[in-house]
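# Okay, predicted coordinates and the sequence, questions at the end:
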Amino acid sequence: MIKLHKVSKSYSRFQAIKSISITVNAGEIHGIIGASGAGKSTVLRLMNLLEIPEEGEVEVNGQTLTNLHSKELRQARKSIGMIFQQYNLVANKTVYENVAVSLELANFPREERKSRVGECLQFVGLESLKDKYPAQLSGGQKQRVAIARALANNPRVLLCDEPTSSLDPNTTAEILSVLENINKSFGVTIVIVSHEMEVIKSICNRVTVMADGEVYDTVTIKPKRILNTDNSPKYFVEQLTKVGEMDHA
Amino acid sequence: MPDILVQYEAEIWSSIGETFVMVGVSVLAAILVGLPVGTLLFLCRKDQILENQFVFSSLNLLVNIVRSFPFLLLVVFLIPFTRLIMGTAIGTAAATIPLSIIAIAHYSRLVEQSLLDVPKGVIEAAVSMGASVKEVVFKFLYVEARSGLVLGLTTSIISFISYSTIMGVVGGGGIGDFAIRYGYQQFKTDLMIYVIIIMVILVQLLQFVGTTISRLIDKR
Ligand SMILES: Nc1ncnc2c1ncn2[C@@H]1O[C@H](COP(=O)(O)OP(=O)(O)OP(=O)(O)O)[C@@H](O)[C@H]1O
Ligand SMILES: [Mg+2]
């Protein structure tokens, strides 16, 4: 579904990505993990050509993006959704408008936009908030809007850059199950970048481990269930005062 | 109403009319040309979607040059150009040429600054959704920067009013020129003070309207 073939990317004289080859199979949830600065975000951004590689080929959905003209590339990007750690919603648009804009860009038939936005918002559980502005939402809700926006055009691929890194464990679990659901229900191939091992372990089928701009290893794993951690105040107090884990230093 | 204002009522109204023409044309120039120029300045910067060192540097230099002229000198300097376009360099209509040029330079800089406040991630999200440059500008940048664009325009309009008071030197007229000719040169200090009060009220009103609109459309 996604193939990076000997792709390199430099920033001025610093080579951030060193001739990397990665294959993401159709229908899988592919994780990318590694230390800060390893090049995870850069690799993800190479997959929709937000970063243009100096060398190598990027193929998504059977199309070689690196050979496309700008107009064809824009067309191809409409079937590659992307979500970000900072959500990147338009603050002056309502939840509804934020989702609708991706349909406008894709020339989705005008009469069907409203119902399509409704469907997407329903899928992420935010239908009742459609007239709110992003500033009025929690982090988890904002990420759901971003997911609905990325989903609206029925993408074949969803690229996620640290989608849960600004969220608490419980909200993280919720967002991860939304992503898993998208993968299961619509067969969307998902690539998820994270530095959190728990996140990667809980939903990925295959994981690329990166170090210093190179692939260190690729491993196939069996995703363990997404744990919904308890976040009642009682649980917090229990955890904080557990005798066995007290610091005796 | 004070007698002196009644006595000069007709002249005051026609001066206000001239000011409106001069400022009105400047505002049009600011929106029709300054907004695109400011947008281009922003888009051509390093790491922006139309990155173009040559266009950016040229526009940047041009805007800086216009803005570094003392305005009175710019007016004089532009006389041949004004004459070329308008057929004359004298009068209210001719005065709109130098005013429009400073208006474009002034507002384009404020537009560029407002656009710089838009989070880079928003533009990135737009590009990742397959937006063209035009779509990025109209569906994302202007939406996100709209309150800054309105505040900037308010600031600009108030500057245009101030610039327009100088246009008496080329027969542009206007309320500022009226205050100087009658109030200052004919020692009618009370008349001058009344005109200043009118202008203060006008500016207060404009600022109030601009601030209110920009607050109402800001959902960030
Ligand atoms: N626009 C840029 N200009 C210069 N250097 C950059 C740029 N973007 C990334 N880099 C460099 O490229 C390397 C890889 O960056 P990248 O953002 O891909 O890392 P990452 O693995 O996502 O790290 P993190 O976990 O901190 O997000 C880093 O050393 C970074 O400093
Ligand atoms: Mg990163």
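Perfect, I can see it now. Ligands and ions are numbered 1, 2, ... in the order given.
# got the contact list for B:T82?
B:88-89, B:94, B:97-98, B:170 (Cβ atoms under 8 Å, 6 or more residues apart in numbering or on different chains). The way it works is simple: take the backbone N, C-alpha and C, and place the C-beta from them, glycine included.
# Please flag which of those sit within helices.
Of the positions in the contacts of B:T82, B:94, B:97-98 sit in helices, assigned by DSSP state H.
# rewinding a little: ok, and the most crowded of the contacts of B:T82?
Among the contacts of B:T82, the one with the most neighbours (other Cβ atoms under 10 Å in any protein chain shown) is B:P98, at 29 neighbours.
# pLDDT value on that residue, please?
On the pLDDT scale, B:P98 is placed at 96.
# Can you give me the separation between it and A:N107?
45 Å (Cβ to Cβ, to the nearest Å).
# swap in A:D168?
As judged by Cβ to Cβ, A:D168 and A:N107 stand 38 Å apart.
# So those two - more neighbours on which side?
A:D168 (14 against 8).
# pLDDT at that one, what is it?
91.
# in chain A, which spans are helices?
Using DSSP H, helices in chain A cover A:40-46, A:70-77, A:95-105, A:110-123, A:139-151, A:169-186, A:197-203, A:233-241.
# for chain B, what's the longest helix?
Secondary structure of chain B per DSSP H: the longest helix is helix B:189-216.
# Can that helix be said to contact chain A?
No. On the criterion Cβ under 8 Å from any Cβ of the partner chain, helix B:189-216 is out of touch with chain A, staying 11.4 Å away.
# helices or strands up against that helix?
Counting by 3 or more Cβ pairs under 8 Å, 6 or more residues apart in numbering or on different chains; DSSP states H and E, the packing neighbours recorded for helix B:189-216 are helix B:3-7, helix B:9-29, helix B:142-164, helix B:175-178.
# residues in contact with residue 28?
Using chain A. A:1, A:189-190, A:205-206 are the contacts of A:E28 under Cβ under 8 Å, 6+ apart.
# wrong chain, I was asking about chain B
Listed by Cβ under 8 Å, 6+ apart, the contact set of B:L28 reads B:S100.
# cool, and B:A103?
Listed by Cβ under 8 Å, 6+ apart, the contact set of B:A103 reads B:26-27, B:29-30, B:34, B:156, B:160.
# will you turn the ones in helices among the contacts of B:T82 into TSV that also has distance to ligand 1?
Below are the ones in helices among the contacts of B:T82 laid out as TSV (distance: Cβ to the nearest ligand atom, whole Å):
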residue	distance to ligand 1
B:A94	49
B:I97	43
B:P98	42
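# Output these in CSV, with distance to B:S68 appended to each entry.
Output for these, formatted as CSV (distance: Cβ to Cβ, whole Å):
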residue, distance to B:S68
B:A94, 23
B:I97, 19
B:P98, 15
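# now, which of these sits nearest A:K234?
B:P98 (73.3 Å; Cβ to Cβ).
# what's the closest one in contact with, if anything?
B:71, B:74-75, B:78, B:82, B:167.
# Give me the pLDDT value at residue 116.
Defaulting to chain A. 96.
# Let me rephrase: I mean chain B.
On pLDDT, B:L116 comes in at 98.
# Kindly tell me how buried it is, as a neighbour count.
14.
# Single out the most deeply packed of the helices and strands packed on helix B:189-216.
helix B:175-178 (a mean of 24; mean count of other Cβ atoms under 10 Å in any protein chain shown).
# List the contacts of that one.
B:11-12, B:15-16, B:18-19, B:164-168, B:195, B:198-199.
# In contact with A:K9, which residues?
Shown in contact with A:K9 (Cβ under 8 Å, 6+ apart): A:15-17, A:42, A:46, A:51, A:53-54.
# In PyMOL, how would I select just the buried ones from those?
To isolate the buried subset of the contacts of A:K9 in PyMOL, counting by 16 or more other Cβ atoms under 10 Å in any protein chain shown, use the following:
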select buried, chain A and resi 16+17+42+46+51+53
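# Dump the contacts of A:K9 to CSV, plus distance to A:Y87 and pLDDT.
Shown next, in CSV, are these (distance: Cβ to Cβ, whole Å; pLDDT from 0 to 100):
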residue, distance to A:Y87, pLDDT
A:Q15, 30, 94
A:A16, 24, 94
A:I17, 25, 95
A:T42, 20, 96
A:L46, 22, 97
A:E51, 20, 95
A:P53, 27, 96
A:E54, 30, 94
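# restrict the contacts of A:K9 to contacts with ligand 1.
Within the set of these, contact with ligand 1 (Cβ under 6 Å from any ligand atom) is found for A:16, A:42.
# Find me the pLDDT at the residue in chain B that ligand 1 sits nearest to, would you?
Ranked by Cβ to the nearest ligand atom, the top residue of chain B for proximity to ligand 1 is B:D47, at 7.2 Å. For B:D47, the pLDDT comes out at 93.
# picking that back up, and the longest helix of chain B, what's its mean pLDDT?
94.
# which parts of that helix are buried?
Applying 16+ other Cβ under 10 Å to helix B:189-216 flags B:191-192, B:194-195, B:198-199, B:202, B:206, B:210, B:213-214 as buried.
# Number of residues surrounding the closest residue to B:R181 other than its chain neighbours?
Excluding its sequence neighbours, the residue lying closest to B:R181 (Cβ to Cβ, 6 or more residues apart in numbering or on different chains) is B:G168, at 7.1 Å. Burial measure for B:G168: 18 neighbouring residues, criterion other Cβ under 10 Å.
# B:G168 reaches B:G174, doesn't it?
Yes. The pair B:G168 and B:G174 passes the contact test of Cβ atoms under 8 Å, sitting 7.1 Å apart.
# quick one: low-confidence parts of chain A?
A:227-231, A:243-249 (pLDDT under 70).
# Could I get the contacting residues of the most centrally placed residue in it?
A centroid search over chain A (Cα atoms, centre = their mean) returns A:C160, at 1.3 Å, as the residue closest to the centre. A:C160 makes contact with A:44, A:82-83, A:179, A:190-193 under the criterion Cβ under 8 Å, 6+ apart.
# what does chain B have sitting close to chain A?
B:119, B:121-122, B:124-125, B:127-132, B:135, B:139-140, B:143-144, B:146, B:217-220.
# So which of these are in helices?
B:121-122, B:124-125, B:127-128, B:135, B:143-144, B:146.
# Separate out the buried members of the residues you listed.
B:122, B:124-125, B:127-128, B:135, B:143-144, B:146.
# Quick check: A:F186 touching A:A152?
No. Counting by Cβ under 8 Å, A:F186 stays clear of A:A152, with 12.0 Å between them.
# who has more neighbours, those two?
Neighbour tally, A:F186 and A:A152, criterion other Cβ under 10 Å: the higher count belongs to A:A152, 27 against 13.
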